[in-house]
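Chemist: Next one to model:
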Amino acid sequence: KVYPDKPTTAVIERKAAGTRKVECIFDKVFIESIRSSKVNRHGLFMSLLSLFELDVDSDTKEKKNLGRARKLLHLQAFAAQVLATLPYNNASDPLFIVYHCNARLADAEMIAEKMADFLRPYGLAAEDMYDILDDDEDAIEEAAKMKVPSKSKDLAVMTDSDFDLETFADLCSSVSTTVLLLKLRSHLKGAFNLSDARMKEYIPGEKDRISDKGHTSSATNVFSIEPYVSGGSKLDECILRYAGWKKAVRAFHEEEAESAKKHQQEIRKRSSSSGAEDASEEEEMDEDEEM
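Modeler: I've put the predicted structure just below:
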(Lines give C-alpha, C1' and ligand atoms only; values in the text may rest on other atoms or scores of the structure.)
Protein backbone atom coordinates (compact mmCIF):
# COMPACT_ATOMS: atom_id res chain seq x y z
CA LYS A 1 0.00 0.00 0.00
CA VAL A 2 1.15 3.52 -0.71
CA TYR A 3 -0.59 4.68 2.47
CA PRO A 4 -0.38 1.70 4.87
CA ASP A 5 -2.32 3.54 7.57
CA LYS A 6 -5.36 3.97 5.33
CA PRO A 7 -7.81 1.20 4.37
CA THR A 8 -7.87 -0.21 0.83
CA THR A 9 -10.64 1.39 -1.19
CA ALA A 10 -11.74 1.94 -4.79
CA VAL A 11 -13.94 4.93 -4.02
CA ILE A 12 -13.66 8.64 -3.45
CA GLU A 13 -16.21 10.57 -1.41
CA ARG A 14 -16.97 14.16 -2.40
CA LYS A 15 -19.27 16.79 -0.95
CA ALA A 16 -20.76 19.43 -3.21
CA ALA A 17 -23.62 21.84 -2.50
CA GLY A 18 -24.44 19.99 0.67
CA THR A 19 -24.80 16.62 -1.08
CA ARG A 20 -22.58 13.57 -0.74
CA LYS A 21 -21.28 11.89 -3.88
CA VAL A 22 -19.48 8.57 -4.12
CA GLU A 23 -17.21 8.00 -7.12
CA CYS A 24 -15.08 5.09 -8.26
CA ILE A 25 -11.39 5.80 -8.83
CA PHE A 26 -11.80 4.28 -12.31
CA ASP A 27 -14.77 6.48 -13.33
CA LYS A 28 -12.88 8.49 -15.94
CA VAL A 29 -11.35 5.44 -17.64
CA PHE A 30 -14.72 3.68 -17.66
CA ILE A 31 -16.57 6.67 -19.15
CA GLU A 32 -13.96 7.52 -21.79
CA SER A 33 -12.87 4.05 -22.91
CA ILE A 34 -15.44 1.41 -21.93
CA ARG A 35 -18.98 2.65 -21.28
CA SER A 36 -19.90 3.28 -24.93
CA SER A 37 -19.26 -0.34 -25.93
CA LYS A 38 -21.43 -3.16 -24.61
CA VAL A 39 -18.77 -5.71 -25.58
CA ASN A 40 -16.10 -3.84 -23.63
CA ARG A 41 -18.40 -3.37 -20.64
CA HIS A 42 -19.29 -7.04 -20.46
CA GLY A 43 -15.63 -7.99 -20.92
CA LEU A 44 -14.67 -5.85 -17.93
CA PHE A 45 -17.51 -7.18 -15.79
CA MET A 46 -16.65 -10.80 -16.55
CA SER A 47 -12.95 -10.23 -15.81
CA LEU A 48 -13.81 -8.86 -12.37
CA LEU A 49 -16.49 -11.48 -11.70
CA SER A 50 -14.09 -14.31 -12.63
CA LEU A 51 -12.36 -13.61 -9.30
CA PHE A 52 -15.50 -14.93 -7.58
CA GLU A 53 -15.51 -18.38 -9.15
CA LEU A 54 -15.66 -20.65 -6.10
CA ASP A 55 -12.99 -23.34 -6.02
CA VAL A 56 -15.02 -26.07 -4.36
CA ASP A 57 -12.75 -28.92 -5.44
CA SER A 58 -9.40 -27.82 -3.98
CA ASP A 59 -8.28 -29.24 -0.65
CA THR A 60 -7.96 -26.31 1.77
CA LYS A 61 -5.76 -28.42 4.05
CA GLU A 62 -3.01 -28.82 1.42
CA LYS A 63 -0.01 -26.72 2.37
CA LYS A 64 0.15 -25.04 -1.03
CA ASN A 65 -3.44 -23.82 -0.65
CA LEU A 66 -3.19 -22.47 2.92
CA GLY A 67 -3.72 -18.72 3.01
CA ARG A 68 -4.78 -18.50 -0.63
CA ALA A 69 -8.45 -17.82 0.12
CA ARG A 70 -7.55 -15.03 2.55
CA LYS A 71 -5.36 -13.25 0.01
CA LEU A 72 -7.94 -13.70 -2.75
CA LEU A 73 -10.71 -12.28 -0.56
CA HIS A 74 -8.89 -8.94 -0.36
CA LEU A 75 -8.86 -8.72 -4.17
CA GLN A 76 -12.48 -9.90 -4.43
CA ALA A 77 -13.59 -7.18 -2.02
CA PHE A 78 -11.84 -4.51 -4.08
CA ALA A 79 -13.42 -5.86 -7.30
CA ALA A 80 -16.88 -5.91 -5.69
CA GLN A 81 -16.51 -2.28 -4.65
CA VAL A 82 -15.53 -1.32 -8.21
CA LEU A 83 -18.54 -3.17 -9.66
CA ALA A 84 -20.83 -1.53 -7.10
CA THR A 85 -19.61 2.00 -7.79
CA LEU A 86 -18.82 2.40 -11.52
CA PRO A 87 -20.95 5.10 -13.23
CA TYR A 88 -23.43 2.98 -15.20
CA ASN A 89 -26.02 4.78 -17.31
CA ASN A 90 -27.96 1.72 -18.42
CA ALA A 91 -29.87 -0.67 -16.13
CA SER A 92 -28.71 -3.57 -18.29
CA ASP A 93 -25.24 -3.27 -16.70
CA PRO A 94 -26.30 -3.94 -13.09
CA LEU A 95 -28.72 -6.57 -14.41
CA PHE A 96 -25.83 -8.33 -16.16
CA ILE A 97 -23.75 -8.26 -12.98
CA VAL A 98 -26.63 -9.49 -10.80
CA TYR A 99 -27.30 -12.32 -13.27
CA HIS A 100 -23.71 -13.57 -12.96
CA CYS A 101 -23.69 -13.08 -9.19
CA ASN A 102 -26.69 -15.43 -9.04
CA ALA A 103 -24.85 -17.96 -11.21
CA ARG A 104 -21.90 -17.99 -8.82
CA LEU A 105 -24.15 -18.20 -5.77
CA ALA A 106 -25.36 -21.55 -7.10
CA ASP A 107 -22.11 -23.07 -5.74
CA ALA A 108 -22.59 -21.56 -2.29
CA GLU A 109 -24.09 -24.75 -0.82
CA MET A 110 -20.97 -26.72 -1.76
CA ILE A 111 -18.83 -24.28 0.24
CA ALA A 112 -21.31 -24.65 3.12
CA GLU A 113 -20.85 -28.42 2.91
CA LYS A 114 -17.06 -28.04 3.17
CA MET A 115 -17.51 -25.85 6.23
CA ALA A 116 -19.84 -28.39 7.84
CA ASP A 117 -17.44 -31.25 7.10
CA PHE A 118 -14.63 -29.31 8.77
CA LEU A 119 -16.60 -28.33 11.90
CA ARG A 120 -18.38 -31.65 12.46
CA PRO A 121 -15.42 -33.54 14.04
CA TYR A 122 -15.15 -30.70 16.58
CA GLY A 123 -18.82 -31.02 17.49
CA LEU A 124 -19.66 -27.63 15.99
CA ALA A 125 -21.87 -28.75 13.09
CA ALA A 126 -24.94 -30.96 12.86
CA GLU A 127 -24.90 -34.30 11.06
CA ASP A 128 -27.25 -32.93 8.43
CA MET A 129 -25.22 -30.63 6.17
CA TYR A 130 -28.24 -28.46 5.42
CA ASP A 131 -28.63 -27.62 9.13
CA ILE A 132 -25.61 -25.31 8.86
CA LEU A 133 -27.77 -22.95 6.79
CA ASP A 134 -30.96 -23.31 8.84
CA ASP A 135 -32.82 -20.58 10.73
CA ASP A 136 -31.37 -21.30 14.18
CA GLU A 137 -28.20 -19.55 15.34
CA ASP A 138 -25.42 -21.95 16.27
CA ALA A 139 -22.77 -21.75 19.00
CA ILE A 140 -20.34 -19.83 16.77
CA GLU A 141 -22.95 -17.19 15.96
CA GLU A 142 -23.88 -16.83 19.61
CA ALA A 143 -20.20 -16.39 20.50
CA ALA A 144 -19.85 -13.68 17.83
CA LYS A 145 -22.14 -11.47 19.92
CA MET A 146 -19.60 -11.42 22.75
CA LYS A 147 -16.93 -8.75 23.14
CA VAL A 148 -14.27 -11.46 22.77
CA PRO A 149 -15.94 -14.33 20.85
CA SER A 150 -13.07 -16.79 21.35
CA LYS A 151 -13.66 -16.73 25.13
CA SER A 152 -17.02 -18.46 24.76
CA LYS A 153 -17.13 -21.71 26.74
CA ASP A 154 -19.02 -23.34 23.89
CA LEU A 155 -16.03 -22.73 21.59
CA ALA A 156 -13.35 -24.02 23.96
CA VAL A 157 -12.40 -26.64 21.37
CA MET A 158 -11.31 -23.85 19.02
CA THR A 159 -8.59 -22.71 21.42
CA ASP A 160 -7.09 -26.18 21.74
CA SER A 161 -3.78 -26.86 20.02
CA ASP A 162 -5.48 -29.59 17.96
CA PHE A 163 -7.85 -27.13 16.31
CA ASP A 164 -6.85 -26.36 12.69
CA LEU A 165 -7.14 -22.58 12.73
CA GLU A 166 -5.38 -22.14 9.37
CA THR A 167 -7.98 -24.22 7.54
CA PHE A 168 -10.87 -22.58 9.44
CA ALA A 169 -9.50 -19.14 8.49
CA ASP A 170 -9.39 -20.10 4.81
CA LEU A 171 -12.92 -21.54 4.93
CA CYS A 172 -14.22 -18.35 6.58
CA SER A 173 -12.61 -16.34 3.78
CA SER A 174 -14.16 -18.64 1.18
CA VAL A 175 -17.67 -18.27 2.58
CA SER A 176 -17.10 -14.51 2.79
CA THR A 177 -16.99 -14.58 -1.02
CA THR A 178 -20.66 -15.52 -0.84
CA VAL A 179 -21.28 -12.55 1.46
CA LEU A 180 -19.64 -10.16 -1.02
CA LEU A 181 -21.74 -11.52 -3.91
CA LEU A 182 -24.94 -11.17 -1.88
CA LYS A 183 -23.91 -7.68 -0.75
CA LEU A 184 -23.13 -6.62 -4.34
CA ARG A 185 -26.40 -8.09 -5.59
CA SER A 186 -28.40 -6.29 -2.91
CA HIS A 187 -26.56 -2.99 -3.46
CA LEU A 188 -27.20 -2.92 -7.22
CA LYS A 189 -30.80 -4.01 -6.77
CA GLY A 190 -31.48 -1.09 -4.46
CA ALA A 191 -29.33 1.49 -6.27
CA PHE A 192 -31.07 0.87 -9.60
CA ASN A 193 -34.49 -0.10 -8.24
CA LEU A 194 -34.41 -3.50 -9.94
CA SER A 195 -37.55 -5.55 -9.40
CA ASP A 196 -37.43 -9.29 -8.72
CA ALA A 197 -39.44 -9.87 -11.89
CA ARG A 198 -37.00 -7.89 -14.04
CA MET A 199 -34.00 -9.69 -12.59
CA LYS A 200 -35.58 -13.11 -13.20
CA GLU A 201 -36.58 -12.38 -16.80
CA TYR A 202 -33.25 -10.78 -17.75
CA ILE A 203 -31.18 -12.64 -20.36
CA PRO A 204 -27.56 -11.49 -20.96
CA GLY A 205 -27.84 -11.79 -24.73
CA GLU A 206 -30.97 -9.67 -25.06
CA LYS A 207 -30.92 -6.27 -26.73
CA ASP A 208 -30.86 -3.27 -24.43
CA ARG A 209 -34.36 -2.00 -23.74
CA ILE A 210 -35.10 1.67 -24.31
CA SER A 211 -36.59 1.81 -20.81
CA ASP A 212 -33.23 0.69 -19.34
CA LYS A 213 -31.22 3.51 -20.88
CA GLY A 214 -30.41 6.57 -18.81
CA HIS A 215 -30.68 4.77 -15.47
CA THR A 216 -28.04 5.86 -12.95
CA SER A 217 -27.33 4.81 -9.37
CA SER A 218 -29.30 6.41 -6.57
CA ALA A 219 -26.87 5.11 -3.92
CA THR A 220 -25.29 7.67 -1.61
CA ASN A 221 -23.55 5.28 0.77
CA VAL A 222 -20.13 3.73 0.20
CA PHE A 223 -20.08 0.00 -0.58
CA SER A 224 -18.05 -0.92 2.49
CA ILE A 225 -15.35 -3.61 2.22
CA GLU A 226 -13.22 -2.90 5.31
CA PRO A 227 -13.99 -6.25 7.05
CA TYR A 228 -12.66 -8.14 4.01
CA VAL A 229 -9.48 -6.31 2.98
CA SER A 230 -7.42 -7.02 6.07
CA GLY A 231 -6.93 -9.66 8.74
CA GLY A 232 -8.86 -12.90 8.72
CA SER A 233 -6.21 -15.08 10.38
CA LYS A 234 -7.07 -14.58 14.05
CA LEU A 235 -9.75 -16.72 15.67
CA ASP A 236 -11.98 -13.79 16.70
CA GLU A 237 -11.85 -12.41 13.13
CA CYS A 238 -12.78 -15.83 11.75
CA ILE A 239 -15.72 -16.19 14.12
CA LEU A 240 -17.07 -12.79 13.07
CA ARG A 241 -16.72 -13.66 9.38
CA TYR A 242 -18.49 -16.97 9.95
CA ALA A 243 -21.37 -15.24 11.76
CA GLY A 244 -21.58 -12.60 9.01
CA TRP A 245 -21.86 -15.34 6.41
CA LYS A 246 -24.65 -17.16 8.25
CA LYS A 247 -26.58 -13.91 8.73
CA ALA A 248 -26.25 -12.93 5.05
CA VAL A 249 -27.32 -16.36 3.76
CA ARG A 250 -30.26 -16.49 6.17
CA ALA A 251 -31.45 -13.05 4.98
CA PHE A 252 -31.06 -14.13 1.35
CA HIS A 253 -33.15 -17.27 1.91
CA GLU A 254 -35.86 -15.18 3.57
CA GLU A 255 -35.81 -12.72 0.66
CA GLU A 256 -36.07 -15.55 -1.85
CA ALA A 257 -38.98 -17.13 0.05
CA GLU A 258 -40.82 -13.79 0.18
CA SER A 259 -40.19 -13.23 -3.54
CA ALA A 260 -41.54 -16.70 -4.37
CA LYS A 261 -44.60 -16.05 -2.21
CA LYS A 262 -45.35 -12.77 -4.01
CA HIS A 263 -44.85 -14.48 -7.38
CA GLN A 264 -47.38 -17.17 -6.50
CA GLN A 265 -49.85 -14.53 -5.31
CA GLU A 266 -49.51 -12.67 -8.62
CA ILE A 267 -50.11 -15.89 -10.56
CA ARG A 268 -53.26 -16.64 -8.55
CA LYS A 269 -54.44 -13.06 -9.00
CA ARG A 270 -53.96 -13.21 -12.77
CA SER A 271 -55.63 -16.61 -12.88
CA SER A 272 -58.59 -15.33 -10.86
CA SER A 273 -58.89 -12.25 -13.05
CA SER A 274 -58.72 -14.35 -16.21
CA GLY A 275 -61.37 -16.71 -14.84
CA ALA A 276 -63.70 -13.80 -14.07
CA GLU A 277 -63.27 -12.42 -17.59
CA ASP A 278 -64.02 -15.86 -19.11
CA ALA A 279 -67.17 -16.17 -16.97
CA SER A 280 -68.30 -12.71 -18.05
CA GLU A 281 -67.82 -13.60 -21.72
CA GLU A 282 -69.82 -16.82 -21.27
CA GLU A 283 -72.69 -14.86 -19.67
CA GLU A 284 -72.74 -12.44 -22.60
CA MET A 285 -72.84 -15.35 -25.05
CA ASP A 286 -75.75 -16.94 -23.16
CA GLU A 287 -77.66 -13.66 -23.24
CA ASP A 288 -77.10 -13.36 -26.99
CA GLU A 289 -78.37 -16.89 -27.56
CA GLU A 290 -81.53 -16.21 -25.50
CA MET A 291 -82.25 -13.11 -27.56
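Chemist: What about residue 251, how many residues nearby?
Modeler: If you count neighbours by other CB atoms under 10 Å, residue 251 ends up with 12. Yep, even glycine has a C-beta here, placed from its N, CA and C like the rest.
Chemist: quick one, what contacts it?
Modeler: Counting by CB atoms under 8 Å, 6 or more residues apart in numbering, residue 251 makes contact with residue 182.
Chemist: Pretty sure it sits in a strand.
Modeler: No. Residue 251 is assigned helix when assessed by DSSP: H, G, I helix; E, B strand; the rest coil, not a strand.
Chemist: Kindly provide the distance from it to residue 227.
Modeler: Going from residue 251 to residue 227 by CB to CB, to the nearest Å gives 16 Å.
Chemist: The residue lying closest to residue 30 once chain neighbours are set aside and residue 99: what is the separation?
Modeler: Spatially, and ignoring its direct neighbours in sequence, residue 30 is nearest to residue 86 (5.3 Å; CB to CB, 6 or more residues apart in numbering). For residue 86, the distance to residue 99 (CB to CB) stands at 16 Å.
Chemist: Between the two, tell me which one has more neighbours.
Modeler: residue 86 (25 against 17).
Chemist: residue contacts, that one?
Modeler: 24, 26-27, 30, 93.
Chemist: What subset of the residues you listed is buried?
Modeler: Neighbour-count burial (16 or more other CB atoms under 10 Å) applied to those gives 24, 26, 30, 93.
Chemist: Let me see the contact set for the closest residue to the first one other than its chain neighbours.
Modeler: Meaning residue 24. In space, and not counting its chain neighbours, residue 24 is closest to residue 85: 4.0 Å by CB to CB, 6+ apart. Going by CB under 8 Å, 6+ apart, residue 85 touches 10-11, 22-24, 217, 223.
Chemist: go on, residue 235?
Modeler: By CB under 8 Å, 6+ apart, the contact list for residue 235 reads 149-150, 158-159, 165, 168.
Chemist: Apply 10 Å and report the result again.
Modeler: 148-150, 155, 158-159, 163, 165, 168-169, 172 (CB atoms under 10 Å, 6 or more residues apart in numbering).
Chemist: Point out where the stretch 51-200 of the chain drops to low pLDDT.
Modeler: For the stretch 51-200 of the chain, the stretches flagged by pLDDT under 70 are 55-65, 129-135.
Chemist: hmm, back to that, and the gap between the residue nearest to residue 24 and residue 227?
Modeler: Here the criterion is CB to CB. By it, residue 85 lies 17 Å from residue 227.
Chemist: now residue 182
Modeler: 14 Å.
Chemist: ok, these two, which is more surrounded?
Modeler: Neighbours were counted for residue 182 and for residue 227 using other CB under 10 Å; residue 182 has more, 19 against 16.
Chemist: This protein: helices as residue ranges?
Modeler: Using DSSP state H, the helices found in the chain span residues 27-29, 38-49, 68-85, 92-105, 108-119, 139-144, 165-191, 196-201, 235-290.
Chemist: now the ones you listed in TSV, with distance to residue 213?
Modeler: Compiled in TSV, the helices of the chain are given as follows (distance: least, CB to CB, whole Å):
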stretch	distance to residue 213
helix 27-29	19
helix 38-49	12
helix 68-85	20
helix 92-105	8
helix 108-119	33
helix 139-144	44
helix 165-191	16
helix 196-201	14
helix 235-290	26
